[in-house]
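1. Quick one: sequence and predicted model below, then my questions.
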Amino acid sequence: MMSDIRMYCTAFCPYCDMAENLLVSKGVRINKISIDSTPDGFRELLDVTGRHTVPQIYIGDTHVGGFDDLSALDSRGGLDPLLASI
């Protein structure tokens, strides 16, 4: 079964690592899409998110954004309810 959490990332990205650590600490699985290990990875990132930076995180159909956005969502108390909704 595929996770309802998608994270576009690269192999050497400290913000990707921090986002993964935060999500894993919430007990969820992440479908990591490594844009640097697929031929069209960067193009897919741009097409899907409209952004060119990683990480880009989707929880269900909700585009959360990057690590700063994810962390802010958690600080406001919005991450747990969003995770519970998927």
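-> In hand now; what should we look at? Please read these numbers as outputs of a predicted model, since none were measured by experiment. Numbering: from 1, shown residues only.
2. which residues touch the helix or strand of the chain with the lowest mean pLDDT?
-> Least confident helix or strand of the chain, by mean pLDDT, DSSP states H and E, is helix 41-49 with a mean of 87. Contacts of helix 41-49 with the rest of the structure, by Cβ atoms under 8 Å, 6 or more residues apart in numbering, involve 8, 33, 34, 35, 36, 38, 51, 52, 54, 56, 63. To be clear about C-beta, it is placed using only N, CA and C from the backbone, and glycine gets the same treatment.
3. Same check on stretch 10-19?
-> 7, 9, 34-37, 54-55, 57, 66-68, 70-71.
4. Would you map the strands across the protein?
-> Along the chain, counting by DSSP state E, strands occupy 5-9, 31-34, 56-59, 62-65.
5. want to try JSON lines for those strands, with mean neighbour count as columns?
-> JSON lines is the format used below for those (neighbours: other Cβ atoms under 10 Å):
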{"stretch": "strand 5-9", "mean neighbour count": "23"}
{"stretch": "strand 31-34", "mean neighbour count": "15"}
{"stretch": "strand 56-59", "mean neighbour count": "23"}
{"stretch": "strand 62-65", "mean neighbour count": "17"}
